[in-house]
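> Attaching a predicted model along with its sequence, questions to come.
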Amino acid sequence: MRSAVAAFALAFAAPVLAQEAAPAEEAQSQILPDIAQGAEDAPLTIVEYASFTCGHCANFHAENWPKLKAEYVDTGKVRFIQRDIYFDQVGLWAGILARCGGDDKYYAVSDMLFDEQSEWIAGGSGDEIAANLRRIGLKAGMTEEQMTACWDDTAKVEQLVATFQHNATEDAVEATPTFIIGDDKVSNQSWEDLKEIIDTKLAEAEGAAN
């Protein structure tokens, strides 16, 4: 990864979530749309705020995400949205890579980043971590030139950071993973407890629709 990209990431990856937001008109013009999985008419929407450098997020995706996907997303009950949080420079690099292949590849690349988190994040330097991320991108079908272009696209990176700041501020997110299930903010917890909340919210949504 080029030094200019690293410098840019350092400048934009550090803002604190409580920082005063940009004027609404300016922020809104930079906000990227969500990338969703599941039926558009699903009765319940679940948003996960996640960081690619968060160990608890990787654990959720290894242990609970397959159950959530199989039982609720694939069956049309839940529409799922992941929103990236950039707590650090490396997390921003990974977030850029996740978006680099386009919306259709976002969740596939995201899964790879979480599945292989302990390996790619273990680089002893920024250059080593960048090389590890490039290997993931290559496995996902991206080219070296494509990844370099994505990391060098400062306008898109500004949009990603503006989107992160806007969404996290709107939902008062302070830790990852955090879930918005229906209209309730829910902290990370066991699958049994999450499932109970999801089932309750589904029952409420289905009751309101009848």
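Looks like it came in fine.
> List the residues that contact the residue most central in space within the chain.
Central residue of the chain (C-alpha atoms, centre = their mean): residue 84, 2.8 Å from the mean position. Residues counted as contacts of residue 84 (C-beta atoms under 8 Å, 6 or more residues apart in numbering) are 50, 51, 52, 91, 95, 98, 160, 164. Every C-beta, even on glycine, is put in place using the N, C-alpha and C of the backbone.
> Grab the nearest non-local neighbour of residue 129.
Spatially, and ignoring its direct neighbours in sequence, residue 129 is nearest to residue 123 (3.8 Å; C-beta to C-beta, 6 or more residues apart in numbering).
> Any stretches of this structure with poor pLDDT?
1-29, 209-210 (pLDDT under 70).
> Please enumerate the strands of it.
Taking DSSP state E to define them, one finds strands in the chain at 36-37, 44-50, 78-84, 178-181, 184-187.
> Would you mind listing the outside residues contacting the second one?
It refers to strand 44-50. With contact meaning C-beta under 8 Å, 6+ apart, strand 44-50 is reached by 34, 57, 60-61, 68, 72, 77-85, 167-168, 171, 173, 176-182, 198, 201-202, 205.
> Of the residues you listed, select the buried ones using a ChimeraX command.
To isolate the buried ones among these in ChimeraX, judged by 16 or more other C-beta atoms under 10 Å, type:
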select :57,60,61,68,72,77,78,79,80,81,82,83,84,85,167,168,173,176,177,178,179,180,181,182,198,201,202,205
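> Pull up the distance across stretch 38-55, start to finish.
Criterion C-alpha to C-alpha, to the nearest Å; first-to-last residue distance in stretch 38-55 is 25 Å.
> Show me which residues of it are buried.
In stretch 38-55, counting by 16+ other C-beta under 10 Å, buried: 38, 42-54.
> For those, which two are the farthest from each other?
For the buried residues of stretch 38-55, the farthest-apart pair by C-beta to C-beta is 43 and 53; their separation is 33.0 Å.
> okay, the angle between the lengthiest helix in the chain and strand 78-84?
The longest helix of the chain (DSSP state H) is helix 191-209. Angle, helix 191-209 to strand 78-84, by axes from the mean of the first three to the mean of the last three C-alpha atoms, to 10 degrees: 120 degrees.
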